[in-house]
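Visitor: A structural model of the following input is requested.
(2 chains)
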Amino acid sequence: MRDILKLGLFLLLVAGVAGAGLSYVNSLASPLIAQQILQNKLDSFKEVYPQSDRVVNETATHLTPPYDPVIKEVNVAYRGEEPVGVIYAVETKGYSGPIALLAGFDIATARITTIKVLSQRETPGLGAKATESKFYDRYKDKGIDIALEVTKTPPLKENQVQAITASTITTKAVTKGVNAAREHFIAHFAAAKQP
Amino acid sequence: MNLQKEFTKGIVSDNPLFRLLLGMCPALAVTTSVNNGLGMGVAVTGVLLASNIVVSAMRKVIPSSVRIPAFIVIIATFVTITDMLMHAFTPALYTALGIFIPLIVVNCIILGRAESFASRNTMLPAIIDALGMGIGFTLALVMVSAVREVLGAGTFFGLQLLPENIPALIMILPPGGFIALGCILGLMNKFQRKTA
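Guide: I've put the predicted structure just below:
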């Protein structure tokens, strides 16, 4: 009995010291991590919609039910006081896990600016090519009149996006996310601008 | 005690990956690119070094009946610290290694060295042992991932070596891990038998 108590207390002591040490390191590292995540997000916003002064998260204002659950965030890019673009954070299901991406839309031209994949677990060498800028370019400057569709051949029409070789599911998942953002954009931002 | 021997044994004769066949899970999973393999190796070496030091320092205090849980707590602490530091300072590598950083806790190399070496030796040999084993593991990971990256993606450390259509994609898919590791192990066996 006494032995068990002694051993238990020993482990308690070890775990206590470890816990104290960890909380100390955490207190040092967590602001850095938070800043790192924020910086990463701001950099991504800049990549998706370069010509803005600031980006405001207006998810609460614009994402009202019923909405497509694929959309996670609605960020509005401002130049001065004028809203000029919308950056959507969407998350869809890819081939081997969730794909989180940003899709940028320009209000004046009503076009997709570009996209950026934030996180994915697709197959390296196949679906993971979705993180390359070569792939982003397939969405660049697309119009929003017709929903985007995935083709396996080089695109002939404005709304066609060529799939990554052997990774049609990944491409479809990304396209689904962009289309969800597109519908929300048409309903909330483009309609107001059209005569 | 021959310190030089303690150091080199981890790299050659007792290489954790090629000779002891420890740590196979990360070795198969993260070796899709040299960058990932190297990052994993360095992270494991760091944790191994820290845990070997602490285990060796505490070896007279830890009651033998609860040594394994005590080792696990010590290792888990250092892994969590590594995880936080990598998240804060090397975000790209952190994203690439993902779940395999927390899983360093159950990497049997670390527990194996704590149990079979650090808990029976003074601090200096324990440090040497950790460095030898860590460097051996890192070199092994780099070798496997170099084979896989060059054959599978046609790149080395991100530099394009082969034209884009030539690579055998299977080498960076999961089966490629087994194929590459198996072939390297086979070659090593042949080579080491001859010299023996």
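Visitor: max-length helix in chain B?
Guide: helix B:123-153 (DSSP state H).
Visitor: may I see the buried residues of it?
Guide: B:125-153 (16 or more other CB atoms under 10 Å in any protein chain shown). Any C-beta I mention is one placed from the backbone N, CA and C, and that applies to glycine too.
Visitor: and chain A, is it touching that?
Guide: Yes. Contact check for helix B:123-153 against chain A, using CB under 8 Å from any CB of the partner chain: residues in range are B:152-153.
Visitor: how about stretch B:82-95?
Guide: Yes. Counting by CB under 8 Å from any CB, chain A is contacted by stretch B:82-95 at B:84-85, B:87-89, B:91, B:95.
Visitor: only the buried residues of that stretch, if you could.
Guide: Applying 16+ other CB under 10 Å to stretch B:82-95 flags B:82-88, B:90, B:93-94 as buried.
Visitor: now stretch A:129-141
Guide: Buried residues in stretch A:129-141, counted by 16+ other CB under 10 Å: A:129-131, A:135-136, A:138-139.
Visitor: ok, now stretch B:12-20?
Guide: Buried, per 16+ other CB under 10 Å, within stretch B:12-20: B:14-20.
Visitor: same question, stretch A:171-184
Guide: Buried residues in stretch A:171-184, counted by 16+ other CB under 10 Å: A:171-182, A:184.
Visitor: same question for stretch A:17-28.
Guide: For stretch A:17-28, a neighbour-count test (16+ other CB under 10 Å) marks A:18, A:22, A:25 as buried.
Visitor: coming back round to it: mind putting the residues of stretch B:82-95 next to chain A in CSV, pLDDT and secondary structure included?
Guide: As requested, the residues of stretch B:82-95 next to chain A are exported to CSV (pLDDT from 0 to 100; DSSP: H, G, I helix; E, B strand; the rest coil):
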residue, pLDDT, secondary structure
B:Met84, 90, helix
B:Leu85, 90, helix
B:His87, 87, helix
B:Ala88, 87, helix
B:Phe89, 87, helix
B:Pro91, 83, helix
B:Thr95, 78, helix
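Visitor: show me the contacts for residue 79.
Guide: No chain was given, so I picked chain A. Contacts here follow CB atoms under 8 Å, 6 or more residues apart in numbering or on different chains; on that basis A:Arg79 touches A:51-53.
Visitor: other chain: chain B
Guide: B:47, B:101-102, B:104-105.
Visitor: what helix or strand is it located in?
Guide: Taking DSSP states H and E as the criterion, B:Val79 maps to helix B:67-89.
Visitor: need the pLDDT of the spatially most central residue of chain B.
Guide: What sits nearest the mean C-alpha location of chain B, by CA atoms, centre = their mean, is B:Phe137, with 3.8 Å. B:Phe137 is assigned a predicted lDDT (pLDDT) of 93.
Visitor: for it, give me its contacts.
Guide: Residues in contact with B:Phe137 (CB under 8 Å, 6+ apart) are B:10, B:15-17, B:23, B:41, B:44-45, B:109.
Visitor: try it again with 10 Å
Guide: The contact partners of B:Phe137, by CB atoms under 10 Å, 6 or more residues apart in numbering or on different chains, come to B:10-11, B:15-18, B:20, B:22-23, B:26-27, B:37, B:40-42, B:44-45, B:48, B:107, B:109-110.
Visitor: got a PyMOL select line for the buried ones in these?
Guide: The buried subset of the contacts of B:Phe137, as determined by 16+ other CB under 10 Å, is captured in PyMOL by this line:
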select buried, chain B and resi 10+11+15+16+17+18+20+22+23+26+27+37+40+41+42+44+45+48+107+109+110
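Visitor: which SS state does the closest residue to the residue nearest to the centre of chain B other than its chain neighbours fall under?
Guide: Setting aside the residues directly before and after it, B:Phe137 is nearest to B:Pro16 in space (CB to CB, 6 or more residues apart in numbering or on different chains), at 4.8 Å. At B:Pro16 the chain is in coil, as set by DSSP: H, G, I helix; E, B strand; the rest coil.
Visitor: kindly report the same for the one 4 residues further on.
Guide: Secondary structure assignment for B:Leu20 (three-state DSSP): coil.
Visitor: my guess is A:Arg54 contacts A:Ile87. True?
Guide: No. Using CB atoms under 10 Å, A:Arg54 makes no contact with A:Ile87, being 11.7 Å away.
Visitor: okay, those two: which has more neighbours?
Guide: A:Ile87 (27 against 11; other CB atoms under 10 Å in any protein chain shown).
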